[in-house]
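Chemist: Whatever this is, show me its structure:
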Amino acid sequence: MVGIGEAREGYARYLRLERGYSEHTVRAYGADLGDLERFAGARGVQDVGQLDLEVYRDWLWEASQRELAKATLARRAATAKTFSAWLRQTGLTEVDAAVRLRAPKPDRSLPRVLSDDSMGAVLQTLQERAAEGDPGALRDVAVVELLYASALRVSELVGIDVDDLDLDRRTVRVVGKGSKERIVPFGRPAQLALSDYLARARRPLLERSQKTQKGALFLGSRGGRLGTRAVYQLVAALLESVPGSGPAGPHALRHTAATHLLDGGADLRAVQEMLGHASLGTTQIYTHVSVERLRSSYKAAHPRA
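Modeler: You can find the predicted model right below:
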């Protein structure tokens, strides 16, 4: 007999070591399975061999009664299915109990995208803060310029080392989902911001650390590698007063960069490669955003709209 908690820990190790998932993704899977363990335990189900399709379905039904979003229910269903398949593959169960599990399709909402003017205003705000040469402010300019220029995920940004950066060629090497590496370009403004940060800010920040660094590009206020939470707080604060609805974290800059690329005529497959999307279908969401922006502009400007 193998308890659900013990299996959950083994599955987390599998995701981390064999699948190369990020800690953020592993934690998300773990949280879902922790809730499944709670639900099953309340019904006397302790062993993974007792997890049948009915338990999985009842777990999702309970979540729906708590009015969780369709996207959350879909994610939980995906977690249960992959966990159940892993249990079968490792011999912890005789069957894949969740193979026929279904969940509501998530509502597909359009991502938040900033206008050119709004993006310019955000960058201008950062440049004004950095005018006095504060190391943290100079770093923030470089962080946001690079996020927008290269459409990076925040986890990719904080994982960059100094050696990954090629200022002459204006490229940076990043490690994306599934530990896949790719080289992405950035423009002249980001190059200038990064050069200024490296020349005037990184060393003062590094001197605040009591630990030996391994070459992290972006450093926090205490000299250690900049964390994802700090970047989220920075971007969320910047976008607080910017018009628009939807999430206000670093991913909004990724959405904005992708949409601006397509608006400017970039090839969809080139944008897919830049974003590190495994599927072209994932990238196509930004074509819908571009159409919506075109439709809004048309209604506002055309006399026969």
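
Chemist: Show the contacting residues for the closest residue to Val184 other than its chain neighbours.
Modeler: Distance criterion C-beta to C-beta, 6 or more residues apart in numbering; nearest residue to Val184, sequence neighbours excluded, is Ser150 at 4.4 Å. Backbone N, C-alpha and C define where each C-beta goes, glycine included. Ser150 makes contact with 172, 174, 184-186, 190, 257, 274 under the criterion C-beta atoms under 8 Å, 6 or more residues apart in numbering.

Chemist: quick one, strands of the chain?
Modeler: If DSSP state E is used as the criterion, the strands of the chain fall at 165-166, 171-175, 181-185.

Chemist: from those strands, which stretch is densest packed?
Modeler: strand 171-175 (a mean of 18; mean count of other C-beta atoms under 10 Å).

Chemist: So which residues of the protein form helices?
Modeler: Using DSSP state H, the helices assigned to the chain run over residues 4-13, 23-42, 53-65, 70-89, 116-129, 135-150, 154-158, 188-200, 202-206, 228-239, 251-263, 268-275, 280-283, 285-301.

Chemist: Can you say which of the ones you listed is nearest to Gly215?
Modeler: For these, the distance to Gly215 is smallest for helix 202-206, at 10.4 Å, taking C-beta to C-beta.

Chemist: I'd like the distance between Val144 and Ala121.
Modeler: Here Val144 is placed at a distance of 12 Å from Ala121 (C-beta to C-beta, to the nearest Å).

Chemist: With Gly276 instead?
Modeler: Distance of Gly276 to Ala121, given as C-beta to C-beta: 28 Å.

Chemist: neighbour-wise, which of these two wins?
Modeler: For Gly276 against Ala121, the residue with the higher neighbour count under other C-beta atoms under 10 Å is Gly276, and the figures read 21 against 15.

Chemist: Look up the pLDDT of the residue nearest to that one when sequence neighbours are not counted for me, please.
Modeler: The shortest distance from Gly276 to any residue other than its chain neighbours is 4.0 Å, reached at Gly176 (C-beta to C-beta, 6+ apart). Model confidence at Gly176, expressed as pLDDT, equals 85.

Chemist: Would you confirm that Gly176 contacts Gly159?
Modeler: No - the pair Gly176 / Gly159 is not scored as a contact, 9.4 Å apart, by C-beta atoms under 8 Å.

Chemist: which one of the contacts of Ser150 sits closest to Gln127?
Modeler: Within the set of those, Ala190 lies nearest Gln127; the separation is 12.7 Å, counting by C-beta to C-beta.

Chemist: who's in contact with the closest one?
Modeler: 142, 145-146, 148-150, 170.

Chemist: If we use 10 Å, what do you get?
Modeler: For Ala190, the set of contacting residues under the criterion of C-beta atoms under 10 Å, 6 or more residues apart in numbering consists of 141-142, 144-150, 167, 170, 172.

Chemist: By neighbours, which of those wins?
Modeler: Comparing these on neighbour count, Leu146 comes out first with 28 neighbours (neighbours: other C-beta under 10 Å).

Chemist: Leaving out the residues flanking it, which one is nearest to that residue?
Modeler: When the adjacent residues along the chain are set aside, Leu146 lies closest to Ala190, with 5.2 Å between them (C-beta to C-beta, 6+ apart).

Chemist: what pLDDT does that neighbour get?
Modeler: Predicted confidence (pLDDT) at Ala190: the value is 96.

Chemist: Including distance to Leu87, could the contacts of Ser150 go into TSV?
Modeler: Formatted as TSV, the contacts of Ser150 follow (distance: C-beta to C-beta, whole Å):
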residue	distance to Leu87
Val172	39
Val174	33
Val184	37
Pro185	43
Phe186	44
Ala190	46
Ala257	40
Met274	37
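
Chemist: Kindly reformat the contacts of Ala190 as a markdown table containing distance to Asp58.
Modeler: Output for those, formatted as a markdown table (distance: C-beta to C-beta, whole Å):
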| residue | distance to Asp58 |
| --- | --- |
| Val141 | 51 |
| Ala142 | 50 |
| Val144 | 45 |
| Glu145 | 49 |
| Leu146 | 46 |
| Leu147 | 42 |
| Tyr148 | 45 |
| Ala149 | 48 |
| Ser150 | 45 |
| Leu167 | 56 |
| Arg170 | 54 |
| Val172 | 47 |
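
Chemist: which one of those residues is nearest Arg229?
Modeler: When the contacts of Ala190 are compared for distance to Arg229, the smallest value, 14.9 Å, is given by Leu147; criterion: C-beta to C-beta.
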